[in-house]
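A.B. asks: model the following, please.
(one chain, ligands or ions: 1)
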Amino acid sequence: MDAEEFDVAAITGYCVYEKKKNREIKNPKQIKLKNGRPAVKGTCASCGKTIFRIGKLK
Ligand SMILES: [Zn+2]
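C.D. replies: Numbering: from 1, shown residues only. Here you go, the predicted model:
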């Protein structure tokens with residue numbers, strides 16, 4: 001199964017620091033997890049911490 005693809009303008013993720021869903025991920029960057037799956041890493045628009053989610057940037 002292919003990973004989800006995200007539009008750069010509309011990436012949101014779960015913020016583990018605030019325990020809130022749908023936080024905007026600022027400055028998203030494509031990364032790879034240890035298991036080889038693509039993920040998107042960036043900064044939470046709300047609290048400024050680094051958060052990430054599984055998926056691929058377009
Ligand atoms: Zn946050």
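
A.B. asks: and the helix or strand of the chain with the lowest mean pLDDT, which strands flank it?
C.D. replies: When each helix and strand of the chain is scored by mean pLDDT, DSSP states H and E, strand 5-6 comes last, with a mean of 83. Using DSSP bridges, the strands paired with strand 5-6 are strand 56-57 (parallel).

A.B. asks: circling back to that earlier point, show residues contacting the next helix-or-strand element following the least confident helix or strand of the chain.
C.D. replies: Reading on from strand 5-6 to the C-terminus, the next helix or strand found by DSSP states H and E is strand 12-15. Here strand 12-15 makes contact (Cβ atoms under 8 Å, 6 or more residues apart in numbering) with 20-25, 40, 42, 44, 46-47, 49, 51-53. Every residue, glycine included, has its C-beta placed from N, CA and C.

A.B. asks: strand partners (parallel or antiparallel) of strand 12-15?
C.D. replies: Per DSSP bridges, strand 12-15 is paired in its sheet with strand 20-32 (antiparallel).

A.B. asks: list the contacts of the residue nearest to Ile54 when sequence neighbours are not counted.
C.D. replies: Leaving aside its sequence neighbours, Ile54 sits nearest to Ala39 (Cβ to Cβ, 6 or more residues apart in numbering; 5.2 Å). Counting by Cβ under 8 Å, 6+ apart, Ala39 touches 30-33, 52-55.
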